[in-house]
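J.: what's the 3D shape of this:
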Amino acid sequence: MRFTFAQAKLAMARFLTSTGQTNVGETINQACDELARTRTFQRMKKVIRITVDSEYFGLPQDCGSLLRAAVDATPVSIHGTEYEFLHSGPGDLDFQAAGLAPLNGIQRLGVFATMIDPSEALPLVAYTTTAAPATPLRVRGKNADGDIVVETVPVLVWTGPADAATIDVSAISTLTTNTFVEIHSITLPNDAAGYISLFAVGDELECLARMHPKVVVPEFTRYRLPGFSSDDGASYKVLAEVGARFMPMVDDDEIVPFDSLLPLQYMLQSMAAMEAQEVKMADDYRMRAEAVLIRREESELEKQGLVVINPLYDGSIGQASNEDYYNV
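T.: All right, here's what the predicted structure looks like:
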């Protein structure tokens, strides 16, 4: 069964009394994050559909990495940065002909502070749709000269139209003094109450990132479609299974990502044992937490039966035929 954040805090409070932890919710979030990072559990997967209109794209903050993907309805492989250096591989993907994007699959570029970089050296502005935090966020990055620049960015309350692309950028007065071509890190204010969006301001607003208020140092996973089409307005439809990245729970009615509080209890006890320098006990509790989740997952996953292919008989999924398009 599923549990709310409030139920988890009530049930887990007694396991934290001996550790000196006063913020039960914060400790539960830490334990959930540790559990979610141990492996890609089925409950930490989801399927998303995105439209990619440039060669480089980032996943939303609550998505960790691509597990499987299809581009324009065709399943593709997913590669790391080492793919370009294989002796039997494609080599430098910058030299791939435009328009052949699906043939080289999708390449993972790594983890970055924003979903995308500014299109050129541009100043920044930050908005939230709730009450503005008292302190600004802090951005570190690189300017057009290659120098590292650091600046605080006040978080403004968004009062513009629903579509940011229609805003008059000339009316925006609170901009950073520096311009940025790359964003290396962002530090959010501790008193942020709602999601914060960071924009680069050019001829129009370029949304670089939309960030959870309780993730002080946000990160996003970026990917690339090598050989992206050079046609104006070109885009690709990507269907992807992703491993979800745990986002801290804030409201009492939010749902704990796992269907049992027992592994959460074991992880909290593991953290408490580690604080007491009981390393062996901490490892035992951590293994118990993972084992419980694995057993529960195995009990609910569908079992794939054997597929028998008989090419000798019509009607079999492996039937032999004189028609090429019937062959499997």
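J.: how about the helices of this structure, start to end?
T.: For the chain, applying DSSP state H gives helices covering 5-12, 24-38, 262-275, 279-300.
J.: T152: which of those helices is closest?
T.: helix 24-38 (25.2 Å; Cβ to Cβ). Glycine gets a C-beta too; all of them are placed from N, C-alpha and C.
J.: right, and the helices of the chain - which one's nearest P226?
T.: Closest among the helices of the chain, using Cβ to Cβ: helix 24-38, at 28.9 Å.
J.: what helices or strands is the closest one leaning on?
T.: helix 5-12, helix 262-275, helix 279-300 (3 or more Cβ pairs under 8 Å, 6 or more residues apart in numbering; DSSP states H and E).
J.: highest average neighbour count across these?
T.: Of all the helices and strands packed on helix 24-38, helix 262-275 carries the top mean neighbour count, a mean of 21, counting by mean count of other Cβ atoms under 10 Å.
J.: Next, the angle helix 279-300 makes with that helix.
T.: If you take axes from the mean of the first three to the mean of the last three Cα atoms, to 10 degrees, helix 262-275 sits at 170 degrees to helix 279-300.
J.: show me the contacts for L103.
T.: For L103, the contact set (Cβ atoms under 8 Å, 6 or more residues apart in numbering) comprises G227.
J.: meant to ask about P75, not that
T.: Contacts of P75 (Cβ under 8 Å, 6+ apart): 68-69.
J.: so it bridges to which residues?
T.: Assessed by DSSP bridges, P75 has beta-bridge partners A70.
J.: any idea how far V111 is from it?
T.: Per Cβ to Cβ, to the nearest Å, P75 is found 25 Å from V111.
J.: same check, this time on Y127
T.: Counting by Cβ to Cβ, the gap from Y127 to V111 is 24 Å.
J.: and if you look at A240?
T.: The value you get for A240 to V111, if Cβ to Cβ is used, is 17 Å.
J.: Also P189?
T.: 22 Å.
J.: Neighbours of the closest residue in space to D53 that isn't next to it in sequence, how many?
T.: Leaving out its chain neighbours, the residue that sits closest to D53 by Cβ to Cβ, 6 or more residues apart in numbering is S235, at 4.3 Å. Residues near S235, counting by other Cβ atoms under 10 Å, number 14.
J.: Verify the stated contact: S235 with V52.
T.: Yes. If you go by Cβ atoms under 8 Å, S235 and V52 touch, sitting 6.2 Å apart.
J.: and the nearest residue to V76 once chain neighbours are set aside, what does it touch?
T.: Leaving aside its sequence neighbours, V76 sits nearest to G105 (Cβ to Cβ, 6+ apart; 4.2 Å). Counting by Cβ under 8 Å, 6+ apart, G105 touches 69, 71, 76-79, 226.
J.: now for the helices of the chain, which one comes closest to K214?
T.: Proximity to K214 (Cβ to Cβ) singles out helix 24-38 among the helices of the chain, at 7.9 Å.
J.: now that closest one against helix 279-300, angle please.
T.: Using the same axes, to 10 degrees, the inter-axis angle of helix 24-38 relative to helix 279-300 is 70 degrees.
J.: give me the low-pLDDT residue ranges for the stretch 101-250 of the chain?
T.: 162-166 (pLDDT under 70).
J.: For the contacts of G105, give me JSON lines that also has neighbour count and distance to F5.
T.: Converted to JSON lines, those look like this (neighbours: other Cβ atoms under 10 Å; distance: Cβ to Cβ, whole Å):
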{"residue": "A69", "neighbour count": "21", "distance to F5": "32"}
{"residue": "V71", "neighbour count": "19", "distance to F5": "37"}
{"residue": "V76", "neighbour count": "20", "distance to F5": "37"}
{"residue": "S77", "neighbour count": "11", "distance to F5": "38"}
{"residue": "I78", "neighbour count": "16", "distance to F5": "33"}
{"residue": "H79", "neighbour count": "20", "distance to F5": "38"}
{"residue": "P226", "neighbour count": "24", "distance to F5": "42"}
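J.: Looking at these, spot the one nearest T40.
T.: Closest to T40, out of all of the contacts of G105 and judged by Cβ to Cβ, is I78, at 13.5 Å.
J.: I'd guessed that closest one sits against V71; true?
T.: No. Here I78 does not reach V71: they are 10.6 Å apart, not a contact under Cβ under 8 Å.
J.: Which neighbours do those two have in common?
T.: Common neighbours of I78 and V71 (Cβ under 8 Å, 6+ apart) are 105-106.
J.: any idea how far K46 is from the residue nearest to the spatial centre of the chain?
T.: Central residue of the chain (Cα atoms, centre = their mean): C63, 2.5 Å from the mean position. Look at C63 and K46: by Cβ to Cβ, they are 8 Å apart.
J.: next one: G80
T.: Relative to K46, and taking Cβ to Cβ, G80 is found at 22 Å.
J.: Please apply the same query to T114.
T.: 22 Å.
J.: sorry, back to before: let me have the helices and strands packed on helix 24-38 in a markdown table, extended by mean pLDDT.
T.: Listed next are the helices and strands packed on helix 24-38 as a markdown table, based on pLDDT from 0 to 100:
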| stretch | mean pLDDT |
| --- | --- |
| helix 5-12 | 93 |
| helix 262-275 | 91 |
| helix 279-300 | 91 |
